[in-house]
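K.L.:
Build me a model from this:
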Amino acid sequence: MNAWDEHSRSVWMDAQVAPDARPLAGSANADVAIVGSGIAGLSIGYELLQRGLSVVILDRGAIAGGMTARTTAHLAPICDDSLASLLSMREIDEARGFQASQSAALDRIEQIVQRHGIACEFRRLDGILCLDPGSEPSILDDEAEAARRLGIAVVRETGLPLRTLTETPCLRYPGQATFHPLAYLRGLCEAMAAQGAALHPRSAVEEIAETADGVRLSVAGGHEVLARHAVVATNAPVHARFAYHTKQAPYRTYAMAFEIERGRLADALYWDTADPYHYVRLTAGADGKDLLIVGGEDHKTGEADDAPRRFAALEAWIRTLLPDLGRETHRWSGQVMETLDYGAYIGRDPDSRRTYVATGDSGQGMTHGVVASLIIPAMIAGEGSEYAAVYHPARTPARAAATFLSENATAVTNMAEYALPGEIASVDELGPGEGGILRDGLNKVAAYRDVDGTVQLRSAVCTHLGCHLKWNAFERCWDCPCHGSHFAPDGSVLNGPAISPLAPARETS
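P.N.:
Take a look at the predicted model:
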């Protein structure tokens with residue numbers, strides 16, 4: 001169990017993925033080394049094995065234990081930021097390629113489930129977009145027109161069987177899907193293990209260096225992996241310092257699960273037009289009941305530390321619609337990387353010959369991860385991919401210039417915080433399980449008091465690019481607002497792009 005899981009657990013986390021996998025214990029060789037074991041890394045590994053290539057998969061934590069375990073697992077090919085927004089950023093052919101690739105990813109998951117008989121609650125269902133009372137009705141008109149231009153089936157309807165929404169305009173998109181993500185990945189790993197894949201949890205990659213004829217990966221513990229190609233499939237790339245981090249921004253999203261009587265709500269994917277929007281789905285619960293999962297209340301990572309308020313808002317919203325909703329069973333949060341034009345960065349790293357990247361889930365991590373498996377293995381095998389141009393990592397869309405400037409303003413504002421006073425004057429202000437930033441002369445110190453009273457003091461400087469860290473009280477970790485790194489109270493890295501732990505700081509008062 002990592003530092004997050006004690007305080008924040010999704011409904012999926014009890015499903016162990018590759019429980020027999022062990023950390024790398026020596027040097028290894030493979031055709032392809034994959035860094036990251038979320039849905040992108042595992043899906044890419046699976047497709048490489050189908051081509052007869054050997055695969056080593058390395059992860060800092062547990063297999064499938066990162067952000068993939070914190071999804072709500074909507075398998076919706078519809079652009080997460082709206083079809084109209086997609087068309088505002090991409091040419092029509094690119095937008096059609098985006099939607100086609102997302103649909104192809106959903107189809108590929110279904111094929112794999114059927115091929116291996118994976119019990120993961122996979123099912124096709126409808127996606128329903130309903131108008132938020134505070135939104136302009138023209139939003140649905142714009143979405144319906146965008147769907148028409150992109151060739152996407154959509155049906156206009158009025159009303160949902162939810163209190164206050166019986167007369168609400170909606171758009172229904174057939175052919176969506178959902179599943180239990182970790183149950184799916186468990187089945188995928190079993191199939192991969194049968195084909196000789198090597199999966200190594202708790203094996204942090206510290207350096208990736210290209211050689212004359214391959215790639216060398218240095219792994220914690222003094223181990224080494226030599227491969228002909230490498231794929232970096234982490235939440236944020238750990239091998240690049242600037243190239244991607246100025247083109248995507250980290251956002252934290254929140255989710256809760258509640259018991260609900262089976263049949264009380266039609267099985268579908270629901271979302272609304274609020275900003276930030278809410279989203280709802282069902283999954284199997286215990287004792288003949290379902291669990292309703294509701295998510296939303298997003299904000300930029302590190303720009304708020306008010307999880308209780310966010311969860312209260314989510315609960316108030318869903319209980320207004322479903323007054324007879326049952327007890328809460330889970331609450332958790334996760335991080336999504338929003339790109340400039342809503343598409344991930346997938347393909348060969350522009351500055352490399354043998355290193356590939358998959359990053360930028362943009363709220364569609366499940367389908368984007370599988371899209372990566374339709375592109376990267378084909379490129380490594382010397383084949384073409386009809387979707388590669390849509391996701392080319394080198395792109396910087398001109399239409400997104402304003403977004404580029406606004407998202408990167410976070411780093412400028414963040415650096416200015418080094419001149420400000422600390423958030424607390426002394427560690428004496430910290431209660432058990434609390435963290436805060438101290439000023440120690442010219443330095444800032446990340447201070448945390450453990451539940452047993454022990455005080456942890458670390459540098460408040462992110463080891464990736466030097467940004468000022470923020471305390472996340474709900475997850476009990478230090479978040480980097482600039483590029484999305486997370487650190488445990490003891491300074492160890494929980495999430496990249498940072499590789500090195502926080503430096504110790506001397507005790508101050």
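
K.L.:
switch to C-alpha atoms for all contacts and neighbour counts from now on
P.N.:
Fine.

K.L.:
low pLDDT regions in the stretch 351-500 of the chain?
P.N.:
For the stretch 351-500 of the chain, the stretches flagged by pLDDT under 70 are 397-422.

K.L.:
cutoff 50 now
P.N.:
Judged by pLDDT under 50, the stretch 351-500 of the chain has its weakly predicted residues at 401, 404-405, 407, 412, 416, 419.

K.L.:
Please, where are all the strands along it?
P.N.:
For the stretch 351-500 of the chain, the strands defined by DSSP state E, counting those that start in this stretch cover 355-359, 434-440, 443-449, 455-459, 470-472, 477-479, 486-487, 493-495.

K.L.:
so which of the ones you listed comes closest to S103?
P.N.:
Judged by Cα to Cα, the one of the strands of the stretch 351-500 of the chain that comes nearest to S103 is strand 355-359, at 18.0 Å.

K.L.:
Show me how far that closest one is from its chain's centre.
P.N.:
15 Å (Cα atoms, centre = their mean, to the nearest Å).

K.L.:
Which strands border that strand, and is each parallel or antiparallel?
P.N.:
strand 223-232 (parallel), strand 345-348 (antiparallel) (DSSP bridges).

K.L.:
Flag every buried residue along the first one.
P.N.:
Burial within strand 223-232, assessed by neighbour count using 16 or more other Cα atoms under 10 Å, is assigned to E224, V225, L226, A227, R228, H229, A230, V231, V232.

K.L.:
Now do the helices for the protein: every range, in order, please.
P.N.:
Along the chain, counting by DSSP state H, helices occupy 39-50, 83-89, 92-116, 138-150, 181-194, 307-321, 365-380, 401-416.

K.L.:
now the ones you listed as JSON lines including distance to S27?
P.N.:
Output for the helices of the chain, formatted as JSON lines (distance: least, Cα to Cα, whole Å):
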{"stretch": "helix 39-50", "distance to S27": "19"}
{"stretch": "helix 83-89", "distance to S27": "44"}
{"stretch": "helix 92-116", "distance to S27": "31"}
{"stretch": "helix 138-150", "distance to S27": "49"}
{"stretch": "helix 181-194", "distance to S27": "19"}
{"stretch": "helix 307-321", "distance to S27": "42"}
{"stretch": "helix 365-380", "distance to S27": "23"}
{"stretch": "helix 401-416", "distance to S27": "38"}
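
K.L.:
out of these, which comes closest to V219?
P.N.:
helix 39-50 (16.9 Å).

K.L.:
isn't I39 right up against L185?
P.N.:
Yes - contact criterion Cα atoms under 8 Å: I39 and L185 qualify, at 7.1 Å.

K.L.:
neighbour count winner among those two?
P.N.:
Neighbours per residue (other Cα atoms under 10 Å) separate I39 from L185, with I39 holding more: 30 against 25.

K.L.:
Return the helix or strand in the chain with minimum mean pLDDT.
P.N.:
Every helix and strand in the chain was compared by mean pLDDT, DSSP states H and E; the lowest is helix 401-416, with a mean of 51.

K.L.:
In a markdown table: the strands paired with strand 355-359, plus distance to L374 and mean pLDDT.
P.N.:
Shown next, in a markdown table, are the strands paired with strand 355-359 (distance: least, Cα to Cα, whole Å; pLDDT from 0 to 100):
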| stretch | distance to L374 | mean pLDDT |
| --- | --- | --- |
| strand 223-232 | 14 | 97 |
| strand 345-348 | 10 | 96 |
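
K.L.:
would you list those in JSON lines and tack on distance to I63?
P.N.:
Output for these, formatted as JSON lines (distance: least, Cα to Cα, whole Å):
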{"stretch": "strand 223-232", "distance to I63": "15"}
{"stretch": "strand 345-348", "distance to I63": "21"}
